[in-house]
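Peer 1: sequence first, predicted model second:
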Amino acid sequence: MANLISVTGDITRLHVDAIVNAANESLLGGGGVDGAIHAAAGPELLEACRKLHGCATGDAKATPGFRLPARWVFHAVGPVWRGGTHNEDALLAGCYRRCLELALEVGAKSVAFPAISTGVYHFPAKRAAKIAIETVRSHIEESGVNEIHFVCFNEGTRRVYDDLLGDTPLP
Ligand code: AR6
């Protein structure tokens with residue numbers, strides 16, 4: 001039985017098997033959670049990312065976590081919000097689904113996700129959280145993951161996740 005929990009805080013501090021990065025297609029770093037993860041993991045992370053030659057929107061690629069407590073980083077590229085008519089929902093769902101596939105590949109049992117695309121990419125927070133939770137619930141069984149942390153960086157995001165997780169029974 002998998003456990004889906006919301007937590008408030010900095011994803012770089014979590015002792016889980018894998019943390020997910022909200023990256024961009026270059027995979028060469030940026031601001032927000034991406035900047036925090038690169039700063040905490042050290043320069044080896046950028047070197048590893050260079051070897052991946054970018055990543056399409058809606059997809060994700062794995063690297064080691066280097067100096068992070070997490071063993072792996074899954075670099076997911078969420079969509080930029082463009083009003084909702086440019087396949088944004090499916091692309092965001094793809095990020096979560098691909099990260100669970102990566103978890104299966106590397107054997108990660110605990111995975112922490114930030115609220116992908118809801119920062120500088122401006123995806124509406126509640127809509128994004130619904131997609132995150134629904135996609136994880138649909139695919140967690142086959143992934144072998146037994147613990148998901150939805151990491152909220154502020155109280156507003158936390159309330160959104162708590163409401164949605166409270167509404168729906170755990171798988
Ligand atoms: N831990 C957990 N969540 C965080 C942290 C942290 N340390 N820092 C920020 N957040 P964003 P995006 C939250 O902008 O919208 C980068 O430049 C933040 O409050 O990091 O997917 C990339 O390189 C928000 O809720 O990612 C891309 O170019 C969420 O993480 C672009 O930003 C995502 O915000 C990606 O934009």
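Peer 2: Cool, got the structure. Everything quoted here is computed from the prediction, not taken from an experiment. Residues are numbered from 1 along each chain as shown.
Peer 1: from the ligand, how far off is Ala62?
Peer 2: Distance, Ala62 to the ligand, using Cβ to the nearest ligand atom, to the nearest Å: 17 Å. C-beta coordinates here come from the backbone N, C-alpha and C atoms, glycine included.
Peer 1: tell me the strands beside the helix or strand harbouring that residue, with direction?
Peer 2: Following DSSP states H and E, one finds Ala62 within strand 60-64. According to DSSP bridges, strand 60-64 forms sheet pairs with strand 72-77 (antiparallel).
Peer 1: so Gly144 sits against Ala103, correct?
Peer 2: Yes - using Cβ atoms under 8 Å, Gly144 is in contact with Ala103, at 6.9 Å.
Peer 1: find the residues that touch each one of the two.
Peer 2: Common contacts of Gly144 and Ala103 (Cβ atoms under 8 Å, 6 or more residues apart in numbering): Lys109.
Peer 1: more neighbours, these two?
Peer 2: Ala103 (25 against 14; other Cβ atoms under 10 Å).
Peer 1: for Ala2, give me the pLDDT.
Peer 2: The model reports Ala2 with a pLDDT of 85.
Peer 1: so the residue nearest to it when sequence neighbours are not counted, which state does it fall into?
Peer 2: Using Cβ to Cβ, 6 or more residues apart in numbering and skipping the chain neighbours, the partner closest in space to Ala2 is Ile140 (4.7 Å). Using DSSP: H, G, I helix; E, B strand; the rest coil, the structure places Ile140 in helix.
Peer 1: for Ile140, give me its contacts.
Peer 2: The neighbours of Ile140, taking Cβ under 8 Å, 6+ apart as the test, are 2, 4, 100, 148, 171.
Peer 1: turn those residues into a markdown table, including distance to Asn21 and neighbour count.
Peer 2: Converted to a markdown table, the contacts of Ile140 look like this (distance: Cβ to Cβ, whole Å; neighbours: other Cβ atoms under 10 Å):
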| residue | distance to Asn21 | neighbour count |
| --- | --- | --- |
| Ala2 | 22 | 16 |
| Leu4 | 20 | 20 |
| Leu100 | 15 | 25 |
| Ile148 | 16 | 25 |
| Pro171 | 25 | 12 |
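Peer 1: closest to Lys130 out of the residues you listed?
Peer 2: Leu4 (13.0 Å; Cβ to Cβ).
Peer 1: surely that closest one meets Asp162?
Peer 2: No - here Leu4 does not reach Asp162: they are 11.3 Å apart, not a contact under Cβ under 8 Å.
Peer 1: taking the contacts of Ile140 one by one, which sit in strands?
Peer 2: Using DSSP state E, the subset of the contacts of Ile140 located in strands is 4, 148.
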